[in-house]
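1. Quick one, what's the 3D model for this:
(4 chains)
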Number of protein chains: 2
Amino acid sequence: MENRIRELREEYKMTQQELAKKVGVSRQTIISLENGRYNPSINLAFKVSKAFDKLIEDIFIYNEEED
Amino acid sequence: MENRIRELREEYKMTQQELAKKVGVSRQTIISLENGRYNPSINLAFKVSKAFDKLIEDIFIYNEEED
DNA sequence: ATCAAATGTAAAGCGTGCTATACTTTTGGT
DNA sequence: ACCAAAAGTATAGCACGCTTTACATTTGAT
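-> As a prediction, the model looks like this:
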């Protein structure tokens, strides 16, 4: 699943470390999400969406093909 | 995580079997979701939201406390 | 060019989402 | 009351999200 995390994190001028802390996950998790290594759980998706004050739908792009 | 799946399924007058088929998962999964046994993956959340033509946020209620 | 901060890779381990199968209970129409 | 359809419970097993730790590479300021 594609996402706009890196883009939004840069808009907010945060490092991966800072975002990880704000969201409450490890830095590895942020790196993996930004690089599309795996899909977030719905809880993580909600937390990220709150960190950026956006809808899940505005951050994560669902693609029916790939699943 | 709470959700409005049962409520929406009944509005649409569908059985669990029918919803399962439409969403593309097993009937067990629908039962477990309706009864709050576990959280959906984000892919499943997207599929359910499309089945009902709603936002994820309108179906699943995130509660910071519980995670 | 140097050095620290930021980003990335690798890999083992745990918890949990989801499936499949089989069986039981509830609901509702006649 | 009877019967079928719908809903529910139980359980084993696999896949994958996320963590932790350790190390490597890239970036950018001076």
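2. Leaving aside the residues adjacent along the chain, what's closest to A:Glu34?
-> Distances taken as C-beta to C-beta, 6 or more residues apart in numbering or on different chains put A:Arg6 closest to A:Glu34, at 4.5 Å, once the chain neighbours are dropped. Backbone N, C-alpha and C define where each C-beta goes, glycine included.
3. To clarify, my last question referred to A:Lys47.
-> A:Val23 (5.0 Å).
4. wait, that neighbour sits on A:Asn43?
-> No. Here A:Val23 does not reach A:Asn43: they are 10.5 Å apart, not a contact under C-beta atoms under 8 Å.
5. which outside residues touch the lengthiest helix in chain A?
-> Ordering each helix of chain A by length in residues (DSSP state H) puts helix A:42-51 first. Applying C-beta atoms under 8 Å, 6 or more residues apart in numbering or on different chains, the contact partners of helix A:42-51 are A:5, A:19, A:22-25, A:29, A:33, A:40, A:55-56, A:58-60, B:1, B:39-42, B:45, B:56, B:60, B:62, B:67.
6. A:Phe52 is in contact with A:Leu8, isn't it?
-> Yes. Between A:Phe52 and A:Leu8 a contact is recorded at 4.9 Å, counting by C-beta under 8 Å.
7. so what sits against both of these two?
-> Taking C-beta under 8 Å, 6+ apart as the criterion, A:Phe52 and A:Leu8 both touch A:Ile59.
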